[in-house]
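1. please find the sequence and the predicted model below.
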Amino acid sequence: MAKNYFDRYVWLIDTVNRYGHISKKEIDEMWYRSSLNEKRDKELPERTFHNHRAAILDTFGIEIKYDRSLGYYIANSDDVESDGIRRWLLDSLSMNNLLNESRDMRDRILFEKIPSSQRWLSVIVDAMRDRKTVELTYQSFSRDEPHTFEAHPWCVKLFRQRWYMLAKSEGYDEPRIYSLDERMINVVPLKNKLRVPTKFDAEDFFSNYFGIIVGNDCKPSKVELKVVADQVKYFESLPLHRSQKPVDSTPEYTIFQYHLVPTFDFKQEILSRGPKVQVLTPEWFRDEVAGDVKEMAKLYE
């Protein structure tokens, strides 16, 4: 029964969010067609509907209000949009609802296999909340054998459909990145107190980087990319970095400017675009990318 109610909350959030503004009559019409409506009720009972609204606010922090002229809507949508966790949650709930409503089409909805495991995510998040350390058994790709050590988890980050943990571990002066995939063999919560710098801000920590690789001893600098015309809209619809801005444009290309540290992750992203993207500045980074391109070309000679 609890799961059924949770699924109903997900359904109601997604329905209101999808339509922006929706009347109770329209909600009832959607409910009648929903696979969650096993009894085929013609409407979602008024009392049940308002109980669901209250539970959604209490559980997800999402407030569904009513406007006499417009209908029901998500009142704090701006707050949800600016909150990374709640925005990700809302997107995930919407996808979950779509799949529930499309069970008869599973053979026509294809997913990418994600190697990142969420098996350890809840353990790590619980440790951060309880301000406790964890014992981590990790098999790095650069090591022949796994090693076990105590780690202080500072934050977790999702990148390219993989979860990563930023943690301070013994033997290292700076925090390091650990992937929650097959490399993470075991995580055991400890009772030792978690130590995180008082002024640590996870979003600020990664703000000057693309991806999850940080700390290559370079300071943020101006980076300019020349993007051919048929790729410009892709860059505009999904910016590589929050600092992205166009600084010059012609019918043939657009130059985008960034303020970041050009790490390995950023270089790999550029190389994946092939001849559609060219590094203009800084010169050292342009030379580095050009060197990789020349090495790649040799493989096909």
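-> Yes, it's here. Numbering: from 1, shown residues only.

2. please count neighbours and contacts with C-alpha atoms only from this point.
-> Noted.

3. for this structure, what spans make up the strands?
-> 64-67, 71-74, 132-138, 147-159, 162-169, 176-179, 184-193, 221-228, 245-249, 253-260, 277-281 (DSSP state E).

4. reformat those strands as CSV; add mean neighbour count, mean pLDDT and distance to residue 53.
-> Formatted as CSV, these follow (neighbours: other C-alpha atoms under 10 Å; pLDDT from 0 to 100; distance: least, C-alpha to C-alpha, whole Å):
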stretch, mean neighbour count, mean pLDDT, distance to residue 53
strand 64-67, 16, 92, 6
strand 71-74, 19, 92, 10
strand 132-138, 21, 95, 35
strand 147-159, 18, 93, 29
strand 162-169, 20, 92, 31
strand 176-179, 19, 93, 37
strand 184-193, 15, 93, 36
strand 221-228, 18, 97, 46
strand 245-249, 14, 96, 40
strand 253-260, 20, 97, 42
strand 277-281, 19, 97, 48
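
5. rebuild these as CSV, extending it with distance to residue 292.
-> Converted to CSV, the strands of the chain look like this (distance: least, C-alpha to C-alpha, whole Å):
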stretch, distance to residue 292
strand 64-67, 52
strand 71-74, 49
strand 132-138, 30
strand 147-159, 24
strand 162-169, 25
strand 176-179, 25
strand 184-193, 30
strand 221-228, 17
strand 245-249, 26
strand 253-260, 20
strand 277-281, 12
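
6. out of those, flag the one nearest residue 48.
-> Evaluated with C-alpha to C-alpha, the strands of the chain place strand 64-67 nearest to residue 48, the distance being 14.1 Å.

7. now residue 241: how far from residue 259?
-> Look at residue 241 and residue 259: by C-alpha to C-alpha, to the nearest Å, they are 9 Å apart.

8. sorry, wrong one. I was asking about residue 62.
-> Taking C-alpha to C-alpha, one finds residue 62 at 34 Å from residue 259.

9. again with residue 161
-> Computed with C-alpha to C-alpha, the distance linking residue 161 and residue 259 is 24 Å.

10. ok, now residue 228?
-> 20 Å.

11. cool, and residue 301?
-> 36 Å.

12. for residue 64, what are its contacts?
-> 53, 57, 72, 73, 74, 75 (C-alpha atoms under 8 Å, 6 or more residues apart in numbering).

13. pLDDT score assigned to residue 84?
-> pLDDT for residue 84: 65.

14. in space, what's closest to residue 218 - neighbours in sequence excluded?
-> residue 261 (6.3 Å; C-alpha to C-alpha, 6 or more residues apart in numbering).

15. domain ranges for the chain?
-> In terms of domains, the chain is parsed into 2-108, 121-206, 221-298 (source: automatic domain parsing).

16. mind putting these into JSON lines with distance to residue 214?
-> What follows is the domains of the chain, written out as JSON lines (distance: least, C-alpha to C-alpha, whole Å):
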{"stretch": "domain 2-108", "distance to residue 214": "20"}
{"stretch": "domain 121-206", "distance to residue 214": "7"}
{"stretch": "domain 221-298", "distance to residue 214": "7"}
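
17. nearest to residue 213, of those domains?
-> Among those, domain 221-298 sits nearest to residue 213 (C-alpha to C-alpha), with 6.5 Å.
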